[in-house]
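**Q** When you get a sec, could you give me coordinates for this:
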Amino acid sequence: MSHRDRREKFVNSLWLILTILWGDKYMKKCIAVLAGDGIGPEIMKEGLKVLDTVAKKFGHTFEYKTALVGGCAYDKYGHPLPDETKTICNNADAIYFGAVGGPKWENLPAELTPERGA
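**A** Coordinates of the predicted model:
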C-alpha cells in the first residue's frame, strides 16, 4: 500500500470515527488544541494537517482554539493547567492533546509537575 493510499485510508477512518462520535454529516466544531511540551507541538502540527484534510474532503469546519498546558503553561502562568486553558477546553467540542513534561520541570512540587497538573 502506497503512502498516499495509507493516508487516504487514515483520513476516511478518522472521518468515520468523528461521524460516529458526533453523529453529524457536516460538522462545525470547535477543537481546543493543547500542544504542550517536547515533541507535542511537532506532533500537533502534523495532526492538524490531517484534521484540515478531513475537513476539506468531507465539508467540515473545525475552529481551533490553542491554549498552553504542561511545562510551557507553568513557565508562563505558574501552573500547568491555567484557568484560561480550562475555559477554552470547557467551551470546546473536543480537546486535541499533545505531550507534556520534560527534565526542565522534574524538580517542581508534585502537584505542579506538567504530568500531574495537566
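
**Q** Now do the helix or strand where Lys76 lies: which elements does it pack against?
**A** Using DSSP states H and E, Lys76 falls within helix 71-77. Under the contact criterion of 3 or more CB pairs under 8 Å, 6 or more residues apart in numbering; DSSP states H and E, helix 71-77 touches helix 114-117. From N, CA and C alone the C-beta is placed, and that goes for glycine too.

**Q** Can you tell me what sits against the helix it packs on?
**A** The contact list for helix 114-117 (CB atoms under 8 Å, 6 or more residues apart in numbering) reads 36-37, 69-71, 73-74, 79-81, 100-102, 105, 110-111.

**Q** returning to what we had before: list the buried residues in the helix holding Lys76.
**A** Using 16 or more other CB atoms under 10 Å as the test for burial, helix 71-77 gives 71-74.

**Q** mind listing which of the contacts of helix 114-117 are in helices?
**A** Secondary structure from DSSP state H places 71, 73-74 of these in helices.

**Q** in this protein, which strand has the most residues?
**A** Longest strand of the chain, by residue count under DSSP state E: strand 28-36.

**Q** Tell me the strands beside that one, with direction?
**A** Under the criterion DSSP bridges, strand 28-36 sits next to strand 61-66 (parallel), strand 94-99 (parallel) in its sheet.
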